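Participant: sequence unavailable; structure follows:
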C-alpha cells in the first residue's frame, strides 16, 4: 500500500454546439479548409468588435443548471492576456472574477461507492486557433478556423483521489453535456478535452503537494494512463528525496510517460481586466425559468429507472444510457414490447452488428426503428420465429430497416409450430441416433439438448423448440 495519496482536479473544456462562433457569425464547424471560416473578429484585427452569441450563453447556463451550480445572472467577460501564434489578438476573451456558474457538484460512482465531486466554476471563453508544425519543411502554420469557437471551462475542486475517480467524473460530465445536446462529444476533434492537475501528499496529510498540469489528454483511457503514470513519477521523486517541480507536462501515449512542456509559476499573471468591448451578460428571470424547464432526465437518473424497468444489473444497463438517442430508442421500443427483452437485443445482437458494420451504437447510424425492434421482440414472444432466427436476421434488419414481419414472410422464416409437420422430422433424428435415444429414454436428460440441436439444425432453425421438447417426451417417455 502506498504511503501517499493523490489529489486530482480537472479542468474540462467543452466546445458548444452552436451554429456560429462565440463573438462573430463565422460557422462553428470542424474540418473545413484552413482559414476558410475566419473574419476580422476571429483574426483579432484592430477595431473589429465582438458580439456575444446568445445561444452559447444559453447552452452554458444549461451546463451550470445540470451540475447544480449557482447561476450568476450578471457576469462579465474579461481579457486574458498572453502571446501565442494561434491567438492573433494577444488575448483570449474569458471570464475571471464574475463567471457565469459557480459552486456546483456531480455524483460519481467507483467500485460501487458514490462520491460527490465539487465544481468550483464554469466560465465561458473563446477557443484559440491551431498551430500546425511541419517537421520536414521546418515550417509552422496557423489555422484560425477554431479561433472563436465557444467553450465552457468546467473547473472541479481537487476532490478526486485516483485515476479511476477522475475518469468516472469525466464520463459523468460527458454524459451530461451530450444529453443536454450542447456538445457533440467528439473527443478526437477536441470537442471535449481536459487538463488534469495532479499532486500527491503523505496519507493523512491535509496540505496540498506541488502539482503538475497534464495538458489536453484526448481520451478516457489516456486520461487514466496519464494520471497513473504521473502519480507514480511523483512518488518516485519523493521516495528518492527529490522535489516535485510545478510545471506543465505532456503525456506521450506511445511511451506511456509524461514529459516536461514548460515550467509554471505559482500564479501566472494573465493581467485579467473586463473586456471594454463587451457589456456584462445579464440573464432575465424569465429566461432562467424557461431554461430550467429544458433540463432533461440526466444519465444517472435514467440509468436507475432503466435498472428498475428491466431488472438488469447496472453495468449492463449502463450501455442503454450511453447516449440520449439510444436511451430514447430503448424507451420507445420498451413501450411496445417486453422491456427486458428489448434491452437484451440492444446489448446483444444490436451491439454486435453495429460493431461489425462499423456503426456507432446510436440510432442515427442505422435504419432500424424502435417500433421495428419492438415488433421483432414480439414475433419471437409469439413463437413466429425462434430467438436464433431473430439473431441471424438482425444484421439485415438493422441495415435495411425492413419490417421484421415483412422480412419473415418474404423469406419464409416462420417457425414450424405444427406437431404433425414436425413429428416426421423428430422420428428421423431419433432413428439416426439410436444409442442416444435409448440413453435419453433411460433418464439421461442431458441429451435433450443434443436432440433439440439436431432437430433445429435439420429444420434450419424453424422448428418450435418447446414443441420439439414435447414431441421428444411423447416418443421417448423420459
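Facilitator: All right, it came through fine. Here the structure is a predicted model, which means the values were calculated and not measured.
Participant: C-terminal to whatever helix or strand residue 424 lives in, what's the next element?
Facilitator: Residue 424 belongs to helix 419-432 when elements are defined using DSSP states H and E. Scanning forward in sequence from helix 419-432 by DSSP H and E, the next helix or strand is helix 434-441.
Participant: what sits up against that following helix?
Facilitator: Contact partners of helix 434-441, identified using CB atoms under 8 Å, 6 or more residues apart in numbering, comprise 430, 447-448, 450-451, 472, 476-478. Glycine gets a C-beta too; all of them are placed from N, C-alpha and C.
Participant: over to stretch 215-227?
Facilitator: 6, 8, 163-164, 166-167, 170-171, 187-188, 190, 193-196, 198, 214, 248-251, 253, 256, 258, 261.
Participant: switch the cut-off to 7 Å
Facilitator: Contact with stretch 215-227 is made by 8, 163, 166-167, 170-171, 187-188, 193-196, 198, 214, 248, 250-251, 253, 256, 258, 261, as judged by CB atoms under 7 Å, 6 or more residues apart in numbering.
Participant: flag every buried residue along it.
Facilitator: Within stretch 215-227, the residues scored as buried using 16 or more other CB atoms under 10 Å are 215, 217-218, 220, 222-227.
Participant: just the contacts of stretch 215-227: which are in strands?
Facilitator: Here DSSP state E is the test, and these give 8, 193-196, 198, 214, 248, 250-251, 258, 261 as lying in strands.
Participant: kindly reformat those residues as TSV containing distance to residue 413, pLDDT and neighbour count.
Facilitator: Formatted as TSV, the ones in strands among the contacts of stretch 215-227 follow (distance: CB to CB, whole Å; pLDDT from 0 to 100; neighbours: other CB atoms under 10 Å):
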residue	distance to residue 413	pLDDT	neighbour count
8	54	98	25
193	48	94	19
194	49	94	25
195	55	95	17
196	53	97	27
198	57	97	29
214	55	95	24
248	61	93	15
250	56	93	16
251	52	93	22
258	57	93	25
261	61	85	14
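Participant: let me know the closest of these to residue 32.
Facilitator: Using CB to CB, residue 193 comes nearest to residue 32 of the ones in strands among the contacts of stretch 215-227, at 19.7 Å.
Participant: and the gap between that closest one and residue 185?
Facilitator: Look at residue 193 and residue 185: by CB to CB, to the nearest Å, they are 11 Å apart.
Participant: swap in residue 39?
Facilitator: For residue 39, the distance to residue 185 equals 27 Å [CB to CB].
Participant: cool, residue 27 as well?
Facilitator: 19 Å.
Participant: which of those two has more neighbours?
Facilitator: A direct count of neighbours by other CB atoms under 10 Å for residue 27 and residue 185 places residue 185 higher, at 17 against 13.
Participant: does that one sit in a helix or strand, and which one?
Facilitator: With DSSP H and E as criterion, residue 185 is part of no helix or strand.
Participant: which residues does the closest residue to it other than its chain neighbours contact?
Facilitator: In space, and not counting its chain neighbours, residue 185 is closest to residue 178: 4.3 Å by CB to CB, 6 or more residues apart in numbering. By CB under 7 Å, 6+ apart, the residues touching residue 178 are 185, 323-324.
Participant: need the pLDDT of the residue nearest to residue 388 when sequence neighbours are not counted.
Facilitator: Counting by CB to CB, 6+ apart, residue 388 lies nearest to residue 461, which is 5.0 Å off, once chain neighbours are set aside. Listed pLDDT for residue 461 reads 75.
Participant: now name the helix or strand holding residue 461.
Facilitator: Going by DSSP H and E, residue 461 is not in any helix or strand.
Participant: my read: it touches residue 390, true?
Facilitator: No: at 9.8 Å, residue 461 and residue 390 do not qualify as touching, with contact defined as CB atoms under 7 Å.
Participant: any idea how far residue 390 is from residue 164?
Facilitator: Counting by CB to CB - residue 390 and residue 164 are separated by 37 Å.
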